Structures are given as structure tokens and as C-alpha cells.
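Engineer: Need coordinates for the below:
(one chain, ligands or ions: 1)
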Amino acid sequence: MRLTGPSQLLGHLLHRIATFILITLTATTSISAEKNRKESQTRSVPNIVFILADDLGYGDLGCYGCPDIRTPRLDRLAAEGVRFTDAYSNGSVCSPTRAAFMTGRYQQRIGLEWAVFYDVPEEGLPPQETSLATMLHKAGYFTAMSGKWHLGYGDWNPTRHGFDRFFGMLGGNVHYFEHYGRSGTPDLWLDERPIQRPGYITDLIAEYAVRFIGEAGQRPFFLYVPFNAPHFPFQAPGDANREVTPKKDWQTGDRSVYAAMVESLDTNVGRIVDAIDDRELGNNTLVVFMSDNGGDVHARNAPFSGGKGTLREGGIRSPCIARWTGRLSAGKETPQVAVTMDFSATFLALAGATAAADRPPDGINLMPALERRERPEERTLFWRRALDPWRKNVVPQRAIRQGHWKYVDYPDGRQELFDLAADAAETVNLRDAQPEIAAALLRQLNSWEAHVDPPLYNQREAAEKKRASRLK
Ligand SMILES: [Ca+2]
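Structural biologist: Numbering: from 1, shown residues only. Take a look at the predicted model:
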């Protein structure tokens, strides 16, 4: 092209400038679109799936050294994620741990220190408490629960506590095939409606969870799956025709039945994980698996002593696995001391949600410990099992763990001090050998107890009155 005059030259220059501006604008727009997309991906909240087993022993999974139960799916989950060695349940029985998870705080703060008794309407997670599900729902999450609630009936049930969807049972245990509780009352619900659905309850819970993952689509979701397995009644998937009757043989069973129940649990956890992975959601979904308390009669709590209902390690130490593909290292093991309510705090942090100012979480966000290989955060954890107005054989007890020291005491004056690093089975009482350490831990335990006792703690008196009136 030849330029023959000043006007042509000016026109050409203007054209070049316009083209340059256009290209720059296009490039800038494209870069900023990419930046926005990346920022939005960074900002986007993960899906959260919290799977709880019921009365599963610490040593009942292959990845925790179990020799006689096959758990390939949970072992694979551990191989793809992080396995905790020192995770705990908040309580040594069902309801207290669930209350701590849903409130993100020590269950003693709401006076829920025993397993909610069947058909007692005034116990559970009080309607005025703001649950984790409510907080996540307000943060934009689609929320569902599939499984065992055990935090109350009626106004206290999951749909009144922030769950958009609910399938499962309200009580503490049901017949695995007939779905009635130990009082003989049907206990299977869809949202707030009683329903009947044939099938083994462990399968049904997973089926509903899988369906919900499909329903969620692109919405961020919080899925809470508290399986009732392997809690009694001890019924394996092949036991449909074996008669099991409340009060007669509700707690009859053996290790082989229990093992089959755990293997069914494993298979069904696998179904839920498959539903996540089939939808390619693994990179944006945190999956956590743990138990609500230590193993019961047929469980293997090795290498610990004690079991469900006690504050020995066997009653509160839990298998625990966290998987978030691409975000957490695969096949990692962490010695971080953690407790159920830490996951509540972790989920709130991931969701960008904030608890009410007068209800700050008692747990910590575990993501730094899960993501980095730095030294674990030091923790001091407390437990208390109070008198149970409904179960006369309960032994009240309190415990504190700090570092590798654990101190336990009882109302009758017994005091125990254990060095968990040297004596995981808690067989050697060092109370007299290390009186200063025991005294220091006792002081902290007393201080914590004075701090958590809320006005609602007098629910205990109300419950005792209720029980007395029922017995008249
Ligand atoms: Ca339990």
C-alpha cells in the first residue's frame, strides 16, 4: 500500500490505532474473563459430605489394621486422602456426639449428655439452637441428611434444623429390614412424613444420598450421612428372614454378623463416593468419614481398652478419613488430634459461613493441618459423661487429653493418669507417680466444666422428673 497524501497517512494511522485498541481491549477482556473465572473457581465453595458410622470400633477397618473385616472402599478412601490416627468423637454415645457436630460446640453447653431416649419428646437439639445445617443453608448450600438423627422428634427434627431434605430415622436404632424402633414404633421418614420403603436400611440410606447428589446438580451441597450401622440390632444384609424382636433379641449377635454389617457399610460408602466421582465432583468435594463413638460389644477397639459408653480411648477414639481430590495429599497420615466438632468449624470456614457471636465454635478449622505438613496444632480436649436419667447403669466420668497425657476421674474419687504415647491401652495409672501433672490437668478440667455448664444443663432435672412421672 502506498500512502500518497497527509490525509491518507492520518487515516491509516487512525486505523492502526483503532485496531491496536481493539486488539488490546479484546485481549484485556479475555485476560480479565480468565482471571474472573479463576477467581470464581477459587472463591467457589466445596461440596461437603460427612459420613458417620454408628458404634464402629477404631480397629474395625482394614486401613486401621483390622484382620477379619473387608473394607476395600474405606481403605481406598484413605489411600486417596488423609487418615487420622488421633481423631475423637465428642461423646462416648450417640446423641452427644451428634449434638456437638450440629452445634459445633461442646454438647455440654446444651445439656445433651446422654443418648436421647426413645419416644421422649422433650429431649434433643432444641429448636432455638442454630445448627450447622442452618448455617450452611444460609450460606447458599443445598442441604440433606440421610440416616439416623437421634437428636429429637417433632419440632426438634432435621427439617426444623436447616436440612432441605431428610430421609431416615429419628430414634437411636431400628430394625434393619422393618424399620421400627425398640419401642415397636415405625421410624422411617421422608422429610416430615412417615413412610414405608422396603430394603436393608444401610442400602436405603446410601440410595437416598446418591439420589440427592444427582438432585443437587451444580448447587453446592452439604450431605450428612449418619448410617446406623453397625449399631444393634445386629442384622446382616442376609438376615431378612431371621426373627429379631425388641426387648427379646435386639442385642443378640456375634462378630460375624457385625462384620457383615461393617462390610455392607463399606460397600455403601463406596456407592456414595462413586456418585461423587461419576459426576467428576471429587476435586470440589470434601468427604469425611468417622464414627460417632467407640465400638460396642462385637467391635474391635484395638489397640485401646474400653468401648462405647466409657471415656477410655476405646470409647472415644475414632477411625477418621478425609478426602478432597487434588486439594489434600493422597495416602497421607496425620497425628493431628481432632474431635467431631472440629469438622463443624472446618465446614463453616470452607463455606465462608459465620456462627452467631454468642455461639462461637469450640472446634478448630482442620484445613491447615490437613493441607500442610507442619507440626500438628496442640489441643486440649475435654469429655464428660453425666448421669443418665434413663439408664441406671451409666458410670459418670470426666476426661481431658493434653499432648500425650490423659486424665480421667469419677465421682467416687478415682483418678487416673495415662501416658498415651507409651501406654495407648491405658493400663498403667501414673496418678501417684506424676501428681503435679494430674493436678494441673484436673484444674483445667474443673475450669472447663465451670465454663460449659449452661442454664440448660438443668434439663437433667427436667428429664429426671419426666422419668419419675413415667414410672408412676
Ligand atoms: Ca453410636
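Engineer: Spit out the contact partners of F222.
Structural biologist: Taking Cβ atoms under 8 Å, 6 or more residues apart in numbering, we find F222 in contact with 47-48, 50, 132-133, 136-137, 141-144, 347, 351. C-beta: built from backbone N, CA, C; applies to glycine.
Engineer: that's a strand at it, yeah?
Structural biologist: Yes: counting by DSSP: H, G, I helix; E, B strand; the rest coil, F222 is found in a strand.
Engineer: if I look at it, how far off is the ion?
Structural biologist: As judged by Cβ to the ion, to the nearest Å, F222 and the ion stand 21 Å apart.
Engineer: quick one, helices of the stretch 201-350 of the chain?
Structural biologist: Along the stretch 201-350 of the chain, the stretches classed as helices by DSSP state H, counting those that start in this stretch are 201-216, 255-278, 313-316, 340-351.
Engineer: Only the buried residues of the first one, if you could.
Structural biologist: Going by neighbour count (16 or more other Cβ atoms under 10 Å), the buried part of helix 201-216 is 201-202, 204-210, 212-213, 216.
Engineer: Which single residue of the protein approaches the ion most closely?
Structural biologist: Per Cβ to the ion, C94 is where the chain lies closest to the ion, at 3.7 Å.
Engineer: Let me know the pLDDT of that residue.
Structural biologist: If you check C94, the pLDDT there is 96.
Engineer: could we number from 19 for the rest of this?
Structural biologist: In the new numbering, first residue 19, that becomes C112.
Engineer: so can I have a markdown table of the buried residues of helix 219-234 showing distance to the ion?
Structural biologist: Output for the buried residues of helix 219-234, formatted as a markdown table (distance: Cβ to the ion, whole Å):
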| residue | distance to the ion |
| --- | --- |
| I219 | 15 |
| T220 | 15 |
| L222 | 19 |
| I223 | 15 |
| A224 | 18 |
| E225 | 22 |
| Y226 | 20 |
| A227 | 19 |
| V228 | 23 |
| F230 | 23 |
| I231 | 25 |
| A234 | 27 |
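Engineer: wait, doesn't T220 sit right on E281?
Structural biologist: No: shown here, T220 and E281 do not form a contact pair, counting by Cβ atoms under 8 Å, at 10.0 Å.
Engineer: Secondary structure element for the nearest residue to F135 once chain neighbours are set aside, which one?
Structural biologist: Once flanking residues are discounted, F135 sits nearest to W408: 4.2 Å by Cβ to Cβ, 6 or more residues apart in numbering. Per DSSP states H and E, W408 falls between elements, in no helix or strand.
Engineer: thinking again about what came up before, out of the helices of the stretch 219-368 of the chain, deepest packed?
Structural biologist: helix 331-334 (a mean of 28; mean count of other Cβ atoms under 10 Å).
Engineer: Report the mean confidence score over that one.
Structural biologist: For helix 331-334, mean pLDDT is 98.
Engineer: Residues contacting it, please?
Structural biologist: The contact list for helix 331-334, computed with Cβ under 8 Å, 6+ apart, reads 75-76, 106-107, 109-110, 311-313, 319, 322-327, 401, 417, 424, 438, 442-444.
Engineer: Please list which of these also come close to the ion.
Structural biologist: Taking Cβ under 5 Å from the ion, the overlap between the contacts of helix 331-334 and the neighbourhood of the ion is N311.
Engineer: For P90, grab the count of nearby residues.
Structural biologist: P90: 13 surrounding residues under other Cβ atoms under 10 Å.
Engineer: got it, and T263?
Structural biologist: 12.
Engineer: Same question for E261.
Structural biologist: For E261, the neighbour count with other Cβ under 10 Å is 7.
Engineer: The one 5 residues further on now?
Structural biologist: Here the neighbour count serves as a burial measure; for K266 (other Cβ under 10 Å) it reads 9.
Engineer: residues of stretch 249-256 that come out buried?
Structural biologist: The neighbour-count check on stretch 249-256 (16+ other Cβ under 10 Å) flags 249-255 as buried.
Engineer: how about the residues of the stretch 69-218 of the chain near the ion?
Structural biologist: 72-73, 112.
Engineer: Narrow those to those in helices?
Structural biologist: C112 (DSSP state H).
Engineer: Redo the residues of the stretch 69-218 of the chain next to the ion as JSON lines? Include neighbour count and distance to R260.
Structural biologist: Formatted as JSON lines, these follow (neighbours: other Cβ atoms under 10 Å; distance: Cβ to Cβ, whole Å):
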{"residue": "D72", "neighbour count": "26", "distance to R260": "20"}
{"residue": "D73", "neighbour count": "26", "distance to R260": "20"}
{"residue": "C112", "neighbour count": "28", "distance to R260": "24"}
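Engineer: and which of the residues of the stretch 69-218 of the chain next to the ion is nearest D86?
Structural biologist: Each of those was checked against D86 using Cβ to Cβ; the closest is D73, at 17.2 Å.
Engineer: Select the helix or strand of the chain having the lowest average pLDDT value.
Structural biologist: Ranked by mean pLDDT, DSSP states H and E, the weakest helix or strand in the chain is helix 24-61, scoring a mean of 49.
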